[in-house]
Every structure is written in C-alpha cells, then in structure tokens.
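K.L.:
this one's sequence-less:
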C-alpha cells in the first residue's frame, strides 16, 4: 500500500474506530455513555469550572449539544450548572463529589480497558500514533480556520 492509500485507509478507519469505540465504551459501563464520559473527561481537564461554550469548543460539539449533555449529567448529579459570577449569559459546569466518587470507583477497570485496547503496542508504536494524532489535530484546526475564513 502506498502512502496515499495508507492515508485514505487511516481516514476511513478513524470513523470505523470511532463507531466501534462508542459501542465498546457504552458496553463498558451501563450507567454512563461513552459520550457522557468524554464530556466529563473534558470538563475535568480544565483548571477551573469551564463554561458550556468552552467545553463545546474543546470537544467539537455545538453549544446546544453541549448544554443538552450538561443538563443530562446534572440530572444524574455528576455536574452542577451555575451562572457565571461576572457574565450572567455564561453557564459554568462544576464537577460534583458524585463525579469524583463514581470515577474513582471504576479507575482500575478503566486502566484494564486501556491496556486491552493497546495490547500489542510497544513504546515506539504508541509514540508514533500519539504524534500522528497530534499532527492530525493541528491540521484539522488549520483547515477549520480556513473554512471559517471562506464563510465570512
């Protein structure tokens, strides 16, 4: 397979892998979907409570979808949605103690899941995939900016 064929294979398989990971992730824990997990993991990456818009931008969701996800997770008591102190239009997402307790209780299972997913990978393969994904992300950000400029 030449380079462009490999790139096309990777492009197509990103979508296949995303679908298959969603199925595996949803089966991993019947109490929370993989998309809910991703949303919460993203919120946890911020040093202080992010706004709904910040989380939406980070994940690539629309603000409406991010708000809908936050609402569902608030009903399940994993987050609290609070109006920002300085900007009444902004809604901040705070993780709750239930989030910490719940995800601490499944930490070992998560580690085993990741180890199984990367079975057969050595450091070189893991590092190569990691660097490749970083480059793909940077390329996509550039392409998104170019598309935004074309729309304006």
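P.N.:
Nice, I can see it. Quick caveat, the model's predicted, so the values are computed rather than measured.
K.L.:
can you say which helix or strand has the residue nearest the centre of the chain in it?
P.N.:
With distances taken as Cα atoms, centre = their mean, residue 38 lies nearest the centre of the chain, 3.9 Å away. Secondary structure assigned from DSSP states H and E places residue 38 in helix 34-45.
K.L.:
quick check: next helix or strand after that helix?
P.N.:
helix 52-59.
K.L.:
tell me which residues of that following helix come out buried.
P.N.:
52, 54, 55, 56, 59 (16 or more other Cβ atoms under 10 Å). In short, each C-beta sits where N, CA and C put it, glycine included.
K.L.:
the residue nearest to the centre of the chain and residue 44: what is the separation?
P.N.:
Distance from residue 38 to residue 44, counting by Cβ to Cβ, to the nearest Å: 11 Å.
K.L.:
tell me the strands in the protein, going along the chain?
P.N.:
79-83, 91-95 (DSSP state E).
K.L.:
okay if I get these as CSV plus mean neighbour count, distance to residue 128 and mean pLDDT?
P.N.:
Below are the strands of the chain laid out as CSV (neighbours: other Cβ atoms under 10 Å; distance: least, Cβ to Cβ, whole Å; pLDDT from 0 to 100):
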stretch, mean neighbour count, distance to residue 128, mean pLDDT
strand 79-83, 16, 36, 96
strand 91-95, 20, 33, 96
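K.L.:
so what pLDDT did residue 53 get?
P.N.:
With respect to pLDDT, residue 53 scores 95.
K.L.:
could I get the contacting residues of it?
P.N.:
Going by Cβ atoms under 8 Å, 6 or more residues apart in numbering, residue 53 touches 63, 66, 90.
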